[in-house]
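J.: build me a model from this:
(2 chains)
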Protein chains: 2
Amino acid sequence: MTTLTDTLAAIVGPAHVLTGADLDSYEQDWRGRVRGRALCVVRPASADEVARVVRACAAAGTSLVPQGGNTGLVAGSTPDDTGTQVVLSLRRMNAVRSIDPQNMTFTVEAGCILQTLQQVADEAGFLFPLSLGAEGSCTIGGNLATNAGGTQVLRYGNARELCLGLEVVTAQGELWDGLSGLRKDNTGYDLRDLFIGSEGTLGIITAATLKLHPRPAAQLTAWVALASLEDATALLGLAHQHLAAGLTGFEVMNQFALGLVDRHYPQLRVPMWREHAWCVLIELSDNESEDHARAQFERLLETAFEQGLAADAIVAESLKQAHDLWHIRESITLAQAEEGVNVKHDISIPVSRIPDFVREADAALAAGVPGVRFVNFGHLGDGNLHYNIQAPADGDARAFVAAHESTISTIVYDTVSRFGGSISAEHGVGELKREKLPHHKSPVALQLMQAIKQALDPQQLLNPGRVLARTP
Amino acid sequence: MTTLTDTLAAIVGPAHVLTGADLDSYEQDWRGRVRGRALCVVRPASADEVARVVRACAAAGTSLVPQGGNTGLVAGSTPDDTGTQVVLSLRRMNAVRSIDPQNMTFTVEAGCILQTLQQVADEAGFLFPLSLGAEGSCTIGGNLATNAGGTQVLRYGNARELCLGLEVVTAQGELWDGLSGLRKDNTGYDLRDLFIGSEGTLGIITAATLKLHPRPAAQLTAWVALASLEDATALLGLAHQHLAAGLTGFEVMNQFALGLVDRHYPQLRVPMWREHAWCVLIELSDNESEDHARAQFERLLETAFEQGLAADAIVAESLKQAHDLWHIRESITLAQAEEGVNVKHDISIPVSRIPDFVREADAALAAGVPGVRFVNFGHLGDGNLHYNIQAPADGDARAFVAAHESTISTIVYDTVSRFGGSISAEHGVGELKREKLPHHKSPVALQLMQAIKQALDPQQLLNPGRVLARTP
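T.: Okay, the predicted model is just below:
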C-alpha cells in the first residue's frame, strides 16, 4: 500500500519529505509556547508541486499546515499534536521571479527571506519598506499570510498595502494566478486581501507581486523626551503636519521600559530616560538631502518646544548615532527577557484614545494584580502598543506569571475592547489567540468568517483550528 | 393581504417608499445605457432600518439593488427590467457621525456626497483626497462599493486604501459593526476589503471610518510636452525619484485628445499640443511652501530636459493657471462627446508595458476597423488609461459605433489581457462588463468569487446578476 508520505515523495522528491528527528525545528513555535507533532514535512519547489501536494493531501483527507520562516508569535505555523498533519514548508520556493523598475514592482516567491528582498530592492535602486525584528529569517509568504506590520507602517502600510498581486494554491489544489503589477483593477471581489492575513487557512500563498518605493535620499532620527502620553500623541499630530509623508516612524517608550534597557545593557547609554516619563523616537525620510531633513526636524522640534510638548530632544548627528538610538528601542524586548518572564500584548487603539486607555488599563491592573510593572512601548503612529506586564521585582516571576497571566490578559483585552481596539494589531490570531477572539469580535464578523472558510475550504484541510475553531 | 411595499412603508415611513413616476431617475443609469423597472424605491434613514428592509425583502424572496448617487458607469446600481426589484437608496443616511482629529479619521454614513466630505475634512484642517468627476453627486457608499479611483490614486490610493472600517448590513439582514479607527488589526479575515469593490452584491455598506491626511501647504501643477509615450513613462520614473510622496498626479493626454479640446473649446487655449505627440500634467503637493514646491519642480524639469525626456514645459504661475490646465484635462470627455459617439475603455496595464500596449492596440484597431481615431488619456501614474475610440471623421458616427463597438472592444480587451492588464481599472463590472469578465479573468478566480457569493448571499438577494451571473 502506498502511504501519503510515499505519494508526497513522488511529487517533490524523497529528499524533500522530512520525517523523524528532522522534524524538530518545524514542530516547535518561535516563542517556545507550543510543540506539535507532524506526519512529515514536505518541501515543494514550485507552485505546481504545491498544488499536487494539496491534491494528494485532500485525497487522503489529511490536513496541511503551511510554514515559512516559522517566526510567528501566535503559534500559527506549527502542527497540532496528533502527528497526522503535513507541514508544507515554502522555504525552497525562494526565487525572485522578476523586477520591473518602471512599474516599481517585483514578483517573488513565498519562501524568499524578507531581508533578502530588502537587499534585492536596494540593489535595483528602490526601497522595499517592510521591516521587522525577524526579517533575517521570516519569509515574505508568511509576512503576507499574517499581514505583518513592523516599524514603517506609518508611512508605507502593512504587508497588505505593499502587495499588488498573489499566486495562491486553493484548498482544492487549484492554482490561482493573481500575480499582477496593476495598481487599479476593479474586476470583481478582492481575493488578494482575503488571502492576505488569513494565516494559511483559506489558501497557500506561493508568490506575490510587491510594490517598490523610491529610495529616500536621507534618513534622520530624533529622540524626544516628554512628560506624558498626551504630549506624545499631540507631538505625533504635529509631526504629521510638519513632515507629512516624510514621517516614517514614531515609536513610544515608557520610563520603565527604558530603565530595563539601562539596567541590563548600560553600555547602550539610554538618553533622557531618568528625568522623563516618556521618550519617542521619530524617523524622517527625505527625498532631497540630509540638510533638508535636518531643517525639517528643527522646525518641528522648535514648534514642539514652543507648545510645551517636548521636554528635551536630540537629532542624531550621524548614521551611527541613529542606529544606536534604534538599537535602544529594539533592545526593550531583550531587556524584558533579561528581567524575567512577562505577559505580552500586541494591541491597537485609536491614537486619540491611547492616553486614556493606558491610564485605565494601568489602574485596573494595579488594582487587580498588585505589584505588576508596566513595560509599555510600540508604534504610536499606528496606534499599536506592545503593552507588556512584568512580574513584581521581588519573588518568583515564573510562578507569578503562571498564576496571573490569564487575569492580566483578560483585564487588558477587556479594556482594549471598551476603547474600540484590537487584541491583535500585527501578530495575528493563530492558535494562541483563537479562543479569545469570540469574546472580542462581533458575532456577525465571526459568522461571516466561518461562512467564507466553509466556502473555500469545506474539507478543513488548510491549517484547521487556526484563526477559527474547527467546525464539527 | 399586506404587500411588501406596505411592509417597507411601515419600516421607513410611507413618505420614503417611492412608486410610479417617482421612480424615473432611480431606474435610469448615468450613461443612459440601461433603463430598468423597480417595484419601488425604499429610502431608509438608519442602518437599523436598512437591516429591517433587507429582512423584509428576504422574507418575500425579493431582491434588492443598493443605490447611492447612481453615477456609476457600468450600470451596477439600477434595477433589472422585471419590475420586481426593490431599489434601496442610501441617500437619506448622510450624517457625518464623528471626526477624530488626533486619530486622523472620520466616520460617515454611506449617503454622504463625496464633495461634502472633502469640505468637512477641509474645515477640520485635513485633506480627504478621494476626488473624481462625479464628486458633486456620487456618495461615499457608492465610492466604497465600487472601490472608486480618480485623480489622486498615485499618492493616496483608491477608495479601498482610504477606508479603515465599515458598517455593513448582510444579506441575512444582520448588522456588522466593523467601524474602526484602527490602522492595524489582524484579528481574522479582511471582511472590510471583501465588501469594498463588491458592488453591493455581498452586503450593503451603511457607514465607514475613513482616513484623513495632512492638508498640503502648497499644490503646484506642471504641463510637459513629450515626443513619445516612452518618454512619458521615463519621466514618471524620474518624478517618483525627485518628488517621492509629493507626486500626487501624473496624467497623460495624446495629441488627438487635446486637438478635440482645442476644436470644441478653443477658449481653453490648450498649450503645446500642435507640435508634440503627448502632453502630461504633473501635480505636486508640498508640505512646506510654494517656493519649495517650485524649486522641486525646477530640479525635476531640468533633469528631464537634460535627459531629453521633455520637449517643452510650463509650471503654473498661479492657482488660476493650475485650474485652467486641469480644466483642459477634464474637458477631454466632453470634447469627445461633442465630436460624436465613441467607444470607451477603462483599462489598466503595468506602467512599463503601456507604450508597447498602445502601439499594438493602435495597430490592431487600425487594421481591424480602418479609420478609427484614438482618444488616449488617463492616469499614467496608476497605469490606468481611458483608451477611447472615436468613429472616423466623416460618415455617420452612431451607425459606425453600432456596427463596430463589439469588434473594437474585443480587440482592445484581448490586447489588454495579453499585456497582463485589467478590463476595468476603476469603473467596476456592474451589468455592462459582466459577460466580458469570464473571457478575461481566471476560471479559478471566478470560482472563488462564486463560492463567496454563494456563502454570503445564498438567496441571491443583493444586486443579483451584477459582477457575476445569477446561478440557476
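J.: near chain B, which residues of the stretch 251-400 of chain A show up?
T.: A:287-288, A:296, A:348-353, A:379, A:382-384 (CB under 8 Å from any CB of the partner chain). Backbone N, C-alpha and C define where each C-beta goes, glycine included.
J.: 6 Å instead, please
T.: Selection of the stretch 251-400 of chain A residues close to chain B by CB under 6 Å from any CB of the partner chain yields A:287, A:348, A:350-352, A:382-384.
J.: cool, and the stretch 101-250 of chain A?
T.: Residues of the stretch 101-250 of chain A lying near chain B (CB under 6 Å from any CB): A:102-103, A:147, A:149, A:174, A:176-177, A:181-191, A:193-194, A:197-198, A:214, A:233, A:237, A:240-241, A:244-245.
J.: rerun at 7 Å
T.: Contact residues (CB under 7 Å from any CB of the partner chain) of the stretch 101-250 of chain A with chain B: A:102-104, A:146-147, A:149, A:153, A:158, A:161, A:170, A:174-178, A:180-191, A:193-194, A:196-198, A:214, A:233, A:237, A:240-241, A:243-245.
J.: buried among the residues you listed? Make that a PyMOL selection.
T.: Buried subset of those, written as a PyMOL selection, criterion 16 or more other CB atoms under 10 Å in any protein chain shown:
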select buried, chain A and resi 102+103+104+146+147+149+153+158+161+170+174+175+176+178+180+181+182+183+184+185+186+187+188+189+190+191+193+194+196+197+198+214+233+237+240+241+243+244+245
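J.: skipping adjacent residues, who's closest to the residue in the stretch 151-300 of chain A that chain B sits nearest to in space?
T.: Relative to chain B, the nearest point of the stretch 151-300 of chain A is A:Ala245 (3.2 Å; CB to the nearest CB). Spatial nearest neighbour of A:Ala245, excluding adjacent residues (CB to CB, 6 or more residues apart in numbering or on different chains): B:Ala245 at 3.2 Å.
J.: the one you found in helix, strand or coil?
T.: In three-state terms, and counting by DSSP: H, G, I helix; E, B strand; the rest coil, B:Ala245 is helix.
J.: one step back: filter the residues of the stretch 101-250 of chain A next to chain B down to just the ones in helices.
T.: Counting by DSSP state H, these place A:153, A:191, A:193-194, A:233, A:237, A:240-241, A:243 in helices.
J.: need those residues in JSON lines (columns: pLDDT).
T.: Converted to JSON lines, those look like this (pLDDT from 0 to 100):
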{"residue": "A:Val153", "pLDDT": "94"}
{"residue": "A:Leu191", "pLDDT": "98"}
{"residue": "A:Asp193", "pLDDT": "98"}
{"residue": "A:Leu194", "pLDDT": "98"}
{"residue": "A:Thr233", "pLDDT": "98"}
{"residue": "A:Gly237", "pLDDT": "97"}
{"residue": "A:His240", "pLDDT": "96"}
{"residue": "A:Gln241", "pLDDT": "94"}
{"residue": "A:Leu243", "pLDDT": "95"}
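J.: now, among those residues, which is nearest to B:Ala397?
T.: A:Leu191 (39.5 Å; CB to CB).
J.: that closest one is in contact with A:Gly178, isn't it?
T.: Yes - A:Leu191 is in contact with A:Gly178 according to CB atoms under 7 Å; the separation is 6.2 Å.
J.: where does pLDDT dip in the stretch 101-250 of chain A?
T.: Nowhere does the stretch 101-250 of chain A drop to pLDDT under 70.
J.: what are the ranges of the strands in it?
T.: Using DSSP state E, counting those that start in this stretch, the strands of the stretch 101-250 of chain A run over A:105-109, A:126-127, A:163-170, A:175-178, A:203-211, A:213-214, A:218-226, A:247-254.
J.: winner for burial among the ones you listed?
T.: Ranked by mean neighbour count, the strands of the stretch 101-250 of chain A are led by strand A:203-211 with a mean of 27 (mean count of other CB atoms under 10 Å in any protein chain shown).
J.: quick one: that strand to strand A:163-170, angle?
T.: Angle, strand A:203-211 to strand A:163-170, by axes from the mean of the first three to the mean of the last three CA atoms, to 10 degrees: 160 degrees.
J.: dump stretch A:385-402 to CSV, restricted to CA.
T.: Output of stretch A:385-402 as CSV, limited to C-alpha atoms (Å, rounded to 0.1, in the frame of the first residue of the first chain):
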residue,chain,number,x,y,z
LEU,A,385,1.3,49.3,21.7
HIS,A,386,3.2,46.4,23.0
TYR,A,387,1.7,46.7,26.4
ASN,A,388,3.6,44.1,28.4
ILE,A,389,3.3,43.2,32.0
GLN,A,390,6.4,42.3,34.1
ALA,A,391,6.0,40.4,37.4
PRO,A,392,6.8,42.3,40.6
ALA,A,393,10.5,42.9,41.2
ASP,A,394,10.9,40.5,44.1
GLY,A,395,9.6,37.0,44.1
ASP,A,396,9.3,34.2,41.6
ALA,A,397,8.4,35.8,38.3
ARG,A,398,7.7,32.5,36.6
ALA,A,399,5.2,31.4,39.3
PHE,A,400,3.7,34.9,39.3
VAL,A,401,3.1,34.8,35.6
ALA,A,402,1.7,31.3,35.7
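J.: okay, buried residues for that stretch please.
T.: Buried-residue list, stretch A:385-402, by 16+ other CB under 10 Å: A:385-391, A:397, A:400-401.
J.: repeat for stretch A:59-73
T.: Within stretch A:59-73, the residues that count as buried by 16+ other CB under 10 Å are A:60, A:62-73.
J.: just stretch A:347-358 next, same as before
T.: Within stretch A:347-358, judged by 16+ other CB under 10 Å, the buried ones are A:347-355, A:357-358.
J.: any idea how far the residue nearest the centre of chain A is from A:Gln119?
T.: With distances taken as CA atoms, centre = their mean, A:Ala148 lies nearest the centre of chain A, 3.7 Å away. Using CB to CB, to the nearest Å, A:Ala148 is found at 18 Å from A:Gln119.
J.: do A:Ala313 as well
T.: In terms of CB to CB, A:Ala313 sits 33 Å off from A:Gln119.
J.: and those two? Which one has more around it.
T.: A:Ala313 (23 against 12; other CB atoms under 10 Å in any protein chain shown).
J.: hmm, the more buried one is touching A:Ala222, no?
T.: Yes - between A:Ala313 and A:Ala222 there is a contact under CB under 7 Å: 6.1 Å.
J.: hey, what's in contact with both of those two?
T.: Residues touching both A:Ala313 and A:Ala222 (CB atoms under 7 Å, 6 or more residues apart in numbering or on different chains) are A:Leu301.
J.: helices or strands up against the strand or helix carrying A:Arg263?
T.: Assigned by DSSP states H and E, A:Arg263 falls within helix A:255-264. Counting contacts by 3 or more CB pairs under 7 Å, 6 or more residues apart in numbering or on different chains; DSSP states H and E, helix A:255-264 packs against helix A:332-339, strand A:373-379.
J.: what sits up against that helix?
T.: By CB under 7 Å, 6+ apart, helix A:255-264 touches A:268, A:270, A:273, A:276-279, A:328, A:331-332, A:335-336, A:338-339, A:373-377.
J.: about what we covered before: in strands only, show me the residues of the stretch 251-400 of chain A next to chain B.
T.: A:348, A:384 (DSSP state E).
J.: and the residues of the stretch 251-400 of chain A next to chain B, which is closest to B:Leu309?
T.: Closest to B:Leu309, out of all of those and judged by CB to CB, is A:Asn287, at 18.9 Å.
J.: that closest one - how many residues pack around it?
T.: Residues lying near A:Asn287 (other CB under 10 Å) number 22.
J.: chain center to stretch A:190-209: distance?
T.: Distance of stretch A:190-209 from the chain centroid (CA atoms, centre = their mean, to the nearest Å) equals 16 Å.
J.: end-to-end on that stretch?
T.: Across stretch A:190-209, the terminal residues are separated by 15 Å (CA to CA, to the nearest Å).
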